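[1] generate a structure from the sequence data that follows.
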Amino acid sequence: MISFSGKETFFLMKKYTLILLTILLSSINFLFAQTGEEDSIDWSSRLKTTVKLDKPVYKPVLGVGMGNINFVGEVTNKYFKDFTYGNTGINLDIYRAMDSAFKFGFRFMYGKINSSRYDIDPKKNFNFQTQIMTFGTNVMYNFSNLKFIGNSEKKVLSPYVSLGFEFVNYDSYADLYAANGEKYYNWSDGTVRNIDEANDPSHSRGKILVKDGVYETVLKNLNVDGLPQRSPLVLAIPIEIGCEFIISQKASFKIGYSYHYTMTDRIDDITTTASSDYYTKNPARKGNKGYDAFSYSFIQFNLDLFSKTTEEKQLQFIDLGSGMMDFWDVDGDYIMDVYDQCPMTPPGVLVDTLGCPFDDDKDHYPNYADSELTTPRSAFYVDLLGKEVSRPGLLAMLNDTVALNQKDIYRHYPNLLEGTGLYHRFYKTIPAKFKSVDTNGDDYISLEEILNAINMFFDSQSDLKVDDLYELGEFFFIQ
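    I've put the predicted structure just below:
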């Protein structure tokens with residue numbers, strides 16, 4: 001048995017007292033917080049909801065982005081080939097949605113490309129730099145309408161692809177000279193010196209230089225390969241993939257990657273268009289087949305201030321959500337409505353776990369409404385009172401040809417006394433002038449009684465006229 005000293009008991013009581021006070025204060029704070037929250041609810045805002053317009057109004061959207069431009073061609077650094085490496089570029093987009101899936105827009109992009117190639121063969125070491133400007137148009141398709149993406153109205157992510165064309169302006173320069181005018185020579189030992197390695201076999205006279213990174217030589221003017229003058233403006237085809245992140249109806253940002261395939265092979269000044277004799281003498285100047293290209297990986301912010309795709313609608317009732325109704329039990333059978341398969345069970349009736357009244361004989365009539373609680377399961381037919389009806393009994397009911405009298409029909413269906421159709425407009429009972437035709441006084445004119453009235457007319461024993469006979473015929477068919 002464990003015993004505590006007086007001091008230990010005091011500290012234990014103090015500890016538990018602090019715990020109880022903490023719980024009590026937390027409970028009071030929770031209650032007041034709940035009360036304050038209910039008092040601060042803006043019920044008027046609950047009466048408003050946002051709905052999607054059947055015919056959205058799309059206006060131009062402005063996008064501004066920044067990213068890396070990476071050159072793809074002969075003069076590239078083999079150690080930096082991924083799309084995250086490159087020079088900084090910026091872009092300005094203006095586009096407009098054509099519908100919920102397609103967008104059409106224009107893009108202006110400005111940046112700089114510089115690249116260097118380092119090879120074991122010093123004659124294959126090249127560098128260049130160019131400012132680049134592009135302007136073009138594109139069509140974008142987003143996949144947010146596809147079912148596997150999710151609900152397009154509540155989407156957060158919107159993957160897309162884009163295809164277009166653009167014009168690219170460039171003017172390439174090379175860093176071939178130092179600031180003092182000395183020319184750079186690449187040596188086989190990887191150094192850059194001020195004289196050609198062939199002119200210094202002892203490697204004693206050449207001074208090591210460090211390139212200053214100033215691209216001073218215009219390559220189109222230098223024209224090492226003796227090619228025709230080129231245009232500074234070329235056509236390119238941009239292909240883009242990315243994903244747009246929806247922040248709100250008016251704002252979003254996207255991450256994209258575009259590949260720009262140009263219609264020229266002279267951006268880096270290494271081509272395959274010179275003569276074969278030239279490349280025989282200068283094999284280091286021969287490039288690869290195919291045009292130059294560049295990629296642009298970027299992040300962009302979009303702002304849509306004028307489009308209107310939704311509107312605010314006033315509600316007649318506050319939507320409290322389904323959470324509060326999950327615990328309702330309308331019929332009071334202690335089975336919540338969300339699980340109750342028989343939600344309108346009469347009060348006091350015992351139910352099973354599904355909320356349905358017991359039906360011991362399984363005749364689909366619950367015990368409380370079943371006049372025969374032991375109906376056999378082999379019963380041929382069960383009537384509305386839950387009683388078994390035998391096969392002969394059912395056939396007798398179906399073959400019953402005894403007609404109901406008019407008085408009995410009116411007794412069961414008193415509204416028929418008001419009549420319908422033509423009868424309602426002209427007759428409520430047998431008109432007084434036809435009372436004499438109803439010889440048996442049953443408030444119904446039979447065919448025999450009509451034939452008798454016609455015979456009496458032709459025998460001049462009736463007060464009816466020809467028009468009366470026509471009216472009598474109409475009354476017979478609608479009574």
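[2] how close does the residue lying closest to Lys59 once chain neighbours are set aside sit to Ser252?
    Excluding the flanking residues, the one nearest Lys59 by CB to CB, 6 or more residues apart in numbering is Phe306, at 3.5 Å. Just so you know, the C-beta spots here come from the backbone N, C-alpha and C atoms, and that holds for glycine as well. Using CB to CB, to the nearest Å, one obtains 15 Å as the distance from Phe306 to Ser252.
[3] so which of the two has more stuff around it?
    Ser252 (19 against 12; other CB atoms under 10 Å).
[4] test my guess that the more buried one contacts Ile299.
    No - contact criterion CB atoms under 8 Å: Ser252 and Ile299 do not qualify, at 11.6 Å.
[5] and Tyr261, what does it touch?
    Contact analysis of Tyr261 by CB atoms under 8 Å, 6 or more residues apart in numbering lists 236-239, 291, 293.
[6] hmm, try it at 10 Å
    72, 235-239, 290-294 (CB atoms under 10 Å, 6 or more residues apart in numbering).
[7] buried subset of those?
    72, 236-238, 291-294 (16 or more other CB atoms under 10 Å).
[8] would you map the strands across the stretch 51-200 of the chain?
    61-72, 87-97, 102-117, 126-142, 157-174, 185-186, 192-193 (DSSP state E, counting those that start in this stretch).
[9] which residues sit in contact with Glu311?
    Glu311 neighbours (CB under 10 Å, 6+ apart): 49-53, 56.
[10] tell me which element it falls in.
    strand 308-314 (DSSP states H and E).
[11] for that strand, which strands pair with it and how are they oriented?
    If you go by DSSP bridges, strand 308-314 pairs up with strand 48-57 (antiparallel).
[12] give the buried residues for the partner strand.
    Of the residues in strand 48-57, none is buried (16+ other CB under 10 Å).
[13] how about it as CSV, C-alpha atoms only?
    Extracted in CSV, the C-alpha atoms of strand 48-57 (Å, rounded to 0.1, in the frame of the first residue of the first chain):
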residue,chain,number,x,y,z
LYS,A,48,-26.4,35.7,-50.5
THR,A,49,-24.6,33.2,-52.7
THR,A,50,-22.5,33.2,-55.9
VAL,A,51,-23.8,31.4,-59.0
LYS,A,52,-22.2,30.8,-62.3
LEU,A,53,-23.5,32.8,-65.3
ASP,A,54,-25.0,30.9,-68.2
LYS,A,55,-23.3,33.4,-70.6
PRO,A,56,-20.1,34.6,-69.0
VAL,A,57,-18.6,37.9,-70.1
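[14] could you tell me the angle between it and strand 87-97?
    90 degrees (axes from the mean of the first three to the mean of the last three CA atoms, to 10 degrees).
[15] so, low pLDDT: which residues of this protein?
    For the chain, the stretches with pLDDT under 70 are 1-47, 78-83, 147-154, 314-327, 400-428, 479.
[16] quick check: domain ranges of it?
    Taking automatic domain parsing as the domain assignment, the ranges for the chain are 51-175+213-311, 320-358, 361-402, 406-478.
[17] same list (the ones you listed) but as JSON lines, adding distance to Tyr184.
    Output for these, formatted as JSON lines (distance: least, CB to CB, whole Å):
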{"stretch": "domain 51-175+213-311", "distance to Tyr184": "7"}
{"stretch": "domain 320-358", "distance to Tyr184": "73"}
{"stretch": "domain 361-402", "distance to Tyr184": "99"}
{"stretch": "domain 406-478", "distance to Tyr184": "110"}
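[18] count the neighbours of Leu373 for me.
    12.
[19] my bad, Asp340
    Asp340, neighbours per other CB under 10 Å, totals 20.
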